[in-house]
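[1] Quick one, what's the 3D model for this:
(chains A and B)
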There are 2 protein chains.
Amino acid sequence: MPQLNRQILLVSRPTGAASVDHFRLVDTPLAALADGEVRVRNHYLSLDPYMRGRMSDAKSYAPPQPLNEVMIGGTAGEVVESRNPRFAVGDFVVGTLGWQEFGTSDGAGLMKVETSRVPLSAYLGVVGMPGVTAWYGLNRIIAPKAGQTIVVSAASGAVGSVVGQLAKLAGARAVGIAGGADKCRYVTDTLGFDACVDYKAGNLPADLAAATPDGVDGAFENVGGALLDATLERMNPFGRIAICGMIAGYDGQPVPLAQPALILRSRLLVQGFIVTEHLDLWPQALAELGDLVAQKNLLYRETVTQGLENAPEAFLGLLKGRNFGKQLVKLI
Amino acid sequence: MPQLNRQILLVSRPTGAASVDHFRLVDTPLAALADGEVRVRNHYLSLDPYMRGRMSDAKSYAPPQPLNEVMIGGTAGEVVESRNPRFAVGDFVVGTLGWQEFGTSDGAGLMKVETSRVPLSAYLGVVGMPGVTAWYGLNRIIAPKAGQTIVVSAASGAVGSVVGQLAKLAGARAVGIAGGADKCRYVTDTLGFDACVDYKAGNLPADLAAATPDGVDGAFENVGGALLDATLERMNPFGRIAICGMIAGYDGQPVPLAQPALILRSRLLVQGFIVTEHLDLWPQALAELGDLVAQKNLLYRETVTQGLENAPEAFLGLLKGRNFGKQLVKLI
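    Okay, here's the model as predicted:
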């Protein structure tokens, strides 16, 4: 009897809000490895907002997730069988093996990581794609100067938490926007942001104005919608806005921008980016982020959901901001 | 009896649409020149969309026009009296002497121009602020490469007409958006754009798509609103949008941007700019533009309204796109 591999497939596409019905859990027999292949037991699956875009077949920067195939996703795990000389059983690796317990790969896109200084799961967050996303947008688009005010939305999340901490390390004033008093307390008391605005409190424009008395010089946008509208109103002349995510509009109708004329009034630079298009900078970014984590100068928090079967529900929660820090699924 | 100077003052601020009632024509006696001063008989007054912003006291990049003072505006004229050694009677000068027949200046901001190669009025348009605006946004933000497609709104206007012609000279494909078949014909047949879309024909998104089969790599935005929405949908990855004007929203409520998520999807750079903040580049830009005009490699068109008393009506027409090319008022 071949071993079974639990997998989650995307079986339909949402027209409005995504639901668990778009996913199906299946058990698939594992085929024997071909020459050059390696088998990985995934320990962690990463859940990220970009996946919502892949569920849709609307025009995007990436092709849609094919139907009836294993849902795309970043993974961290351990090599359990290898017919590839680059990998040995027991190696820890990160890759994009998808929503399944076992991944089979020819080694392309699989990176060995060492887990003595940095925990395995962190390679899916602060020392992985979300961390590099924060690093790139902050350093290459916002380029904060000491004393400037930087605002980041989804500030307790995998990306936002790194943005604010890196901004502080650069001598800037970091102001977060997060949903709920608990998240805001974490952002200021644990992560060390100078201020955090709870957008769920219902006074976002006024609260953000109070938290940014000198205006805003740089903004890192993960959410869009009302949060971006409020931030735009606070921008100082020549401010920079890095557009990393528009999660507010991922799950339904496009969310307009209320006052685009502010881009002109304040002579802003607004730039969208996708971190996987800047792979040349990843080694530098990952090295810096790994050092900071090892030195405890860069903190992070994870929400870990147990069991592959709970991944769809956890993903939908992520879209609604129910996670607290990096959302992972533990598979083992 | 001192000589009288006809002037137009701003006497109230619009809450919705601007009207002629916000202006008042007055006759004011001319004072004798003080030492260091120069008196200019204005030949031409320039009307420009930015003036709408100055009529309002909403927060802006520039202070509002004070009430009951001569309305701000660029002027070109001739020195008729001088107690300043830098200027002699008969010199032609451009400056910002406002909506009045005679301007009195200490010489600051007054520039002598020669009218043998370039007509005096052109220094208010193609070889003046609008021309430099086009030059800056195209060369410093859009930076077109040969073969790329550049879209410009208000394409028959003082700025847009220069943008498209400079884009063509750079080897790019120039596509205009203008209001009406006459303007579009001028843009393609006279100015040499590759295509022009008439937004008044009612099929802007489809017509723009047909005119940009390879998408859009750079956009120069003078209008905003539905024109910017349609352009955003056509942007290619890594496209650049120079935001020069948002005239669609100048005269009333802010006009939203329908799909800001496209900035992320297409990894766009969107940048607002004010050309007077880049004075270091004006000499280079003006020299290049003057040469091109003298060589007949850069064409322009003017709508000349006769008489200072007609300036308010002409200005309101400009906001509605009733002008055709650079809007001037001839004062002599």
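
[2] Give the full set of residues in contact with the closest residue to A:Gly74 other than its chain neighbours.
    Distances taken as CB to CB, 6 or more residues apart in numbering or on different chains put A:Ser46 closest to A:Gly74, at 3.8 Å, once the chain neighbours are dropped. To be clear about C-beta, it is placed using only N, CA and C from the backbone, and glycine gets the same treatment. Neighbour list for A:Ser46: A:Gly73, A:Gly74, A:Thr75, A:Ala76, A:Leu124, A:Gly125, A:Gly128, A:Met129, A:Lys326, A:Gln327, A:Leu328 [criterion: CB atoms under 8 Å, 6 or more residues apart in numbering or on different chains].

[3] Now the residues you listed in TSV, please, with extra columns for secondary structure, pLDDT and distance to A:Ala211.
    TSV is the format used below for these (DSSP: H, G, I helix; E, B strand; the rest coil; pLDDT from 0 to 100; distance: CB to CB, whole Å):
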residue	secondary structure	pLDDT	distance to A:Ala211
A:Gly73	coil	97	35
A:Gly74	coil	97	33
A:Thr75	strand	98	37
A:Ala76	strand	98	36
A:Leu124	helix	98	31
A:Gly125	coil	97	26
A:Gly128	coil	96	29
A:Met129	helix	95	29
A:Lys326	strand	95	24
A:Gln327	strand	97	26
A:Leu328	strand	98	30
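
[4] How about the stretch 101-250 of chain A: which residue is closest to chain B?
    Ranking the residues of the stretch 101-250 of chain A by distance to chain B (CB to the nearest CB) places A:Met246 first, at 4.1 Å.

[5] thought that residue was touching B:Gln259?
    No - at 9.5 Å, A:Met246 does not count as touching B:Gln259 under the criterion of CB atoms under 8 Å.

[6] of the two, who's got more company?
    Neighbour count, other CB atoms under 10 Å in any protein chain shown: between A:Met246 and B:Gln259, A:Met246 has more, with 26 against 18.

[7] For the nearest residue to that one once chain neighbours are set aside, what are phi and psi?
    Closest residue in space to A:Met246, ignoring its immediate chain neighbours: A:Gly224 at 3.7 Å, by CB to CB, 6+ apart. Taking degrees, to the nearest 10, you get phi 80, psi -160 for the backbone angles of A:Gly224.

[8] count of residues packed around A:Gly224?
    A:Gly224 has 26 neighbours, counted by other CB under 10 Å.

[9] Can you pull the residues of chain A lying near chain B?
    Applying CB under 8 Å from any CB of the partner chain, one finds that chain A approaches chain B through A:59-61, A:224, A:228, A:237, A:243-246, A:249, A:254-261, A:263-274, A:277.

[10] Which ones among those map onto strands?
    A:Pro237, A:Ile243, A:Leu269, A:Val270, A:Gln271, A:Gly272 (DSSP state E).

[11] picking that back up, show me which of the contacts of A:Ser46 is closest to A:Leu138.
    Comparing those against A:Leu138 with CB to CB places A:Met129 closest, at 14.9 Å.

[12] I figured A:Ile332 hits A:Leu45, correct?
    No - using CB under 8 Å, A:Ile332 is not in contact with A:Leu45, being 10.6 Å away.

[13] The two: which has the busier surroundings?
    The neighbour comparison of A:Ile332 against A:Leu45 (other CB under 10 Å) goes to A:Leu45, with 28 against 12.

[14] Surely that one touches A:Lys326?
    No - contact between A:Leu45 and A:Lys326 fails when scored by CB under 8 Å: they sit 11.6 Å apart.

[15] Which pLDDT does the model give A:Val113?
    Reported pLDDT at A:Val113 in the predicted model: 96.

[16] and it, how many residues sit next to it?
    Other residues within reach of A:Val113, judged by other CB under 10 Å, total 17.

[17] Provide a list of residues in contact with it.
    Counting by CB under 8 Å, 6+ apart, A:Val113 touches A:Ala76, A:Phe92, A:Val93, A:Val94, A:Leu120, A:Tyr123.

[18] what do you get for A:Ala88?
    Contacts of A:Ala88 (CB under 8 Å, 6+ apart): A:Val79, A:Ser82.

[19] which SS class is it?
    coil (DSSP: H, G, I helix; E, B strand; the rest coil).

[20] try the one 5 residues further on
    Of the three states, A:Val93 takes strand under three-state DSSP.

[21] Please determine how far the most centrally placed residue in chain A is located from A:Tyr300.
    By CA atoms, centre = their mean, the mean C-alpha position of chain A lies nearest to A:Pro130, the distance being 4.2 Å. According to CB to CB, to the nearest Å, A:Pro130 stands 9 Å off from A:Tyr300.

[22] Now do the helices in the stretch 51-200 of chain A.
    Using DSSP state H, counting those that start in this stretch, the helices assigned to the stretch 51-200 of chain A run over residues A:129-136, A:160-169, A:181-185.

[23] okay if I get the ones you listed as TSV plus distance to B:Met55?
    Converted to TSV, the helices of the stretch 51-200 of chain A look like this (distance: least, CB to CB, whole Å):
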stretch	distance to B:Met55
helix A:129-136	42
helix A:160-169	39
helix A:181-185	41
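
[24] nearest residue to A:Ala258 other than its sequence neighbours?
    If the residues on either side of it in the chain are set aside, A:Ala258 comes closest to A:Asp229, at 4.6 Å by CB to CB, 6+ apart.

[25] now do A:Ala261
    Closest to A:Ala261 by CB to CB, 6+ apart is B:Met246, at 4.2 Å.

[26] What score does that neighbour have for pLDDT?
    87.

[27] Who are the contact partners of A:Ala178?
    Contacts of A:Ala178 (CB under 8 Å, 6+ apart): A:Ser153, A:Ala154, A:Ala155, A:Ser156, A:Gly160, A:Cys184, A:Val187, A:Cys196, A:Val197, A:Asp198, A:Tyr199.

[28] swap in A:Val163?
    Residues in contact with A:Val163, defined by CB under 8 Å, 6+ apart, are A:Ala134, A:Gly137, A:Leu138, A:Ile150, A:Val152, A:Ala155, A:Ala174, A:Phe220.

[29] how about stretch A:12-31 as CSV, C-alpha atoms only?
    This file holds the C-alpha atoms of stretch A:12-31, laid out as CSV (Å, rounded to 0.1, in the frame of the first residue of the first chain):
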residue,chain,number,x,y,z
SER,A,12,-14.0,26.4,-7.6
ARG,A,13,-13.5,30.2,-7.8
PRO,A,14,-15.2,32.8,-5.6
THR,A,15,-17.4,35.3,-7.3
GLY,A,16,-17.8,37.4,-4.2
ALA,A,17,-16.5,36.5,-0.8
ALA,A,18,-14.3,33.4,-0.6
SER,A,19,-15.6,30.4,1.5
VAL,A,20,-14.4,27.0,2.6
ASP,A,21,-16.5,25.5,-0.2
HIS,A,22,-13.9,26.5,-2.7
PHE,A,23,-11.5,23.9,-1.2
ARG,A,24,-11.5,20.2,-1.0
LEU,A,25,-9.5,17.9,1.3
VAL,A,26,-8.3,14.7,-0.5
ASP,A,27,-6.0,11.8,0.2
THR,A,28,-3.7,11.0,-2.7
PRO,A,29,-1.3,8.0,-2.9
LEU,A,30,2.4,9.1,-3.0
ALA,A,31,4.2,8.0,-6.1
